[in-house]
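Asks: fold the stuff below for me.
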Amino acid sequence: MGEIRRRDPRREWVARNRLHPEHASVLAALGEIGGGGAASEWLGPQGVTRKNPHAIGFIGPNGVKRIDRSGAQQGGQAPGQGRQATQDNRRHVEIPDPAFLVAVVPELAGGRLSSHDKDLLGLARRLADADPQRPGAVLAVVFGEHNREGGGELKEQGFGEAGIDRMLHFDDDAYAGFAPEARLAALTAVERELAPRHWLLPDSPLGGADLGRRLALRLGERPATGVWQIEGDVAAPLGWRCTARGAAESLDIQRPLPRVALALSECAEPVDETRHAAEPLSLTTAVPSALSRIEDLGQVAVDPAGVALAEAEFILSGGNGVKDWGGFHHAARVLGATEGASRVAVDDGFMGRDRQVGATGTWVTARVYLAVGISGAIQHLQGIQSCDKVVAINMDPGCDMIKRADLAVIGDAAEILAALVAKVEQQRGGQRDAA
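Replies: Okay, here's the model as predicted:
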């Protein structure tokens, strides 16, 4: 007589609710019981294999692999274990004598590696690690000051976790701002001395697309633009092939992967299981100075209220818990944040429809998302899943937004915002006095 499987309705509910604190541990237990070995699938009570669509690497019915950007599931960690625990479980990789180099020029928008940059580095790792017998190294060429801590030291940990083996840093003032000619001269010097097998740049309007086309013209190469997928093998007769978007994104074009490729976002999965050396390099020869015909006049001051939500990097979003909307608007002006709102606040008439954040409003990709009095409906959480840092201010410590947040503050929203505004104004006043 076969073993009778008894159902646990509560455990099955936790397995379906990915916001539950016990979600990861229950999935792991179900995987062990069902023989799946991982939290991606397990055997149900009726003998039917159940799959977790939120697992890393899940392949959907159309054969498309899902890319997880939440960071909560990386390394199989439960959401409550934190980012540091995930980083400690990474496998350290060093390539002392690489067979070749794959050069990546990240944009570092806002002084940090964006999700587009991390996708590009994941693509570079595929090219570098294709042949285990003759592995290559990923070389990152970065410009200007970025991610600096006290003492002027580079914060290299984040670069190593993104999959970078070697890092070449040009921090001269000549490369600051919009300086394509100076940067092109530096990339040409890298090509002349190191001769990378491939050059990868982001195909975006922030500067990568323009610099990549300039580089391809200087090298005499026919670049591949709009690349969103590569396939093949280094040992195959034709090697790697790339698929690019063409004809106003209505047609896919396949061709052999050239030396210079401009890739779109989500072209590959970011590196999340290994930590690389990010060893600094320097050129033995000086970079020739380029005659700049372009003068950068600096950034133009922009009113945060006029920035579209989809393009904002700092968003102050209010929900049903906000009672003092005058103080909320004052805080947004002082902090220099773009205003957003939950659907409840919009339906109640406190904010316009164009300020609604979520699956039924606008999907945002802010560097910092400050949620005030928002409980965290699933539609709202879907709309902020691409934000780098989420800060939540709420009275309810058990709401879903608190569970999603990287930093949570429990208390009255009006008092906390008023204290934050006073702190910012005090700091700015001290800076004016010192000047």
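
Asks: can I assume M401 sits in a helix?
Replies: Yes - using DSSP: H, G, I helix; E, B strand; the rest coil, the assignment for M401 is a helix.

Asks: got a list of what it touches?
Replies: Neighbouring residues of M401 by C-beta atoms under 8 Å, 6 or more residues apart in numbering: 371, 374-376, 380-381, 390, 392, 394. (Each C-beta comes from the backbone N, C-alpha and C, glycine too.)

Asks: just those now: which is nearest D129?
Replies: Nearest to D129 out of these is V390 (C-beta to C-beta; 32.3 Å).

Asks: tell me the strands beside the helix or strand where that closest one lies, with direction?
Replies: Here V390, judged by DSSP states H and E, is contained in strand 389-394. Sheet pairing here is set by DSSP bridges, and for strand 389-394 it gives strand 368-372 (parallel), strand 407-410 (parallel).

Asks: packing partners for the longest helix seen in the chain?
Replies: Longest helix of the chain, by residue count under DSSP state H: helix 413-434. For helix 413-434, the packing partners by 3 or more C-beta pairs under 8 Å, 6 or more residues apart in numbering; DSSP states H and E come out as helix 325-335, strand 389-394.

Asks: so for whichever helix or strand comes after the longest one, what gets flagged as buried?
Replies: Downstream of helix 325-335, the first helix or strand assigned by DSSP H and E is strand 338-341. Buried positions in strand 338-341, judged by neighbour count with 16 or more other C-beta atoms under 10 Å: 338-341.

Asks: could you identify the most distant pair in these?
Replies: Farthest apart among these by C-beta to C-beta are T338 and A341. That separation is 11.1 Å.

Asks: sorry, back to before: out of the helices and strands packed on helix 413-434, which gets nearest to E94?
Replies: Per C-beta to C-beta, nearest to E94 of the helices and strands packed on helix 413-434: strand 389-394, 30.2 Å.

Asks: coming back round to it: highest mean neighbour count out of the helices and strands packed on helix 413-434?
Replies: Of all the helices and strands packed on helix 413-434, strand 389-394 has the most neighbours on average by mean count of other C-beta atoms under 10 Å, namely a mean of 22.

Asks: about what we covered before: same list (the strands paired with strand 389-394) but as CSV, adding mean pLDDT, mean neighbour count and distance to W13.
Replies: Shown next, in CSV, are the strands paired with strand 389-394 (pLDDT from 0 to 100; neighbours: other C-beta atoms under 10 Å; distance: least, C-beta to C-beta, whole Å):
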stretch, mean pLDDT, mean neighbour count, distance to W13
strand 368-372, 94, 26, 26
strand 407-410, 92, 14, 24
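
Asks: H23 and E12: what is the separation?
Replies: To E12, H23 is 12 Å away according to C-beta to C-beta, to the nearest Å.

Asks: which of those two has more neighbours?
Replies: Neighbours per residue, other C-beta atoms under 10 Å: of H23 and E12, the larger number sits with H23, 21 against 15.
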